[in-house]
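Asks: I would like the atomic coordinates for the input below:
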Amino acid sequence: MTKLDYVLSEEDIETTKQMVKNRNPVIACIELDMKKAEAAYVKKIRKEELEGGKTIMETLKEMLSDEATYKSQPAVILFNYEYVGKSGQAKDVLACVKWVPENSPMRKKMVYTSAWNGLRNELQKANVVSNSCFEVTDWDDIEDKMTTFN
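Replies: Numbers count the residues shown, from 1 in each chain. Coordinates of the predicted model:
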C-alpha cells in the first residue's frame with residue numbers, strides 16, 4: 001500500500017517560504033514519488049525565466065497543456081497569482097492547486113487525493129494560507145478558483 005503521509009524536505013519547505021516571502025520562484029511543481037513515498041519539487045520557474053514576456057498565468061497554462069508534462073500527470077502546483085483588487089490596487093497571492101486532470105491514471109488520482117490534506121499541512125508550515133489552496137481538474141477550474149481573489 002502506498003504511504004499517504006508525504007512530507008517535504010527541509011530544503012523544499014525553505015523554497016516554499018521563499019515563494020511566500022519573495023514571490024520567486026513564481027511557479028513550482030511538487031510531484032509524489034509513489035515508490036519512495038516522497039514529495040518533492042520537480043520544477044521551479046523564476047520570474048526572470050518567463051519566456052518572451054509571457055505572464056505567470058500564460059506560462060502555467062502552457063505548461064499544463066503540454067502533452068509531455070502535465071496534461072495527464074497530477075501535481076501540486078504553487079504559483080504567484082497577480083490580480084487587481086476591488087480598490088484598483090495591484091495585488092498578488094501565492095495560490096496552491098492540486099492538479100489532477102480527468103485523464104490521469106486512476107491510481108495516481110487516488111494517491112494525490114489521499115495525500116492532499118497532508119501536503120496542505122506541510123505547505124502551511126511554510127506559511128501557505130489554506131484558503132488559497134484548491135483542487136482542480138482542468139484550466140477552467142483554475143480560472144474559476146482565481147476569481148475568488150478578484
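
Asks: quick one, helices of this protein?
Replies: 10-22, 56-65, 106-125, 139-146 (DSSP state H).

Asks: which ones are touching the closest residue to residue 16 other than its chain neighbours?
Replies: Spatial nearest neighbour of residue 16, excluding adjacent residues (CB to CB, 6 or more residues apart in numbering): residue 126 at 3.6 Å. For every residue, glycine as well, the C-beta is placed using N, CA and C. Residues in contact with residue 126 (CB atoms under 8 Å, 6 or more residues apart in numbering) are 13, 14, 16, 17, 19, 20.

Asks: among the residues you listed, which ones are buried?
Replies: Buried by 16 or more other CB atoms under 10 Å: 16, 19, 20, out of the contacts of residue 126.

Asks: ok, the residue lying farthest from the centre of the chain to residue 46 distance?
Replies: Relative to the C-alpha centroid of the chain, counting by CA atoms, centre = their mean, residue 87 is the outermost residue, at 27.1 Å. Counting by CB to CB, to the nearest Å, the gap from residue 87 to residue 46 is 29 Å.
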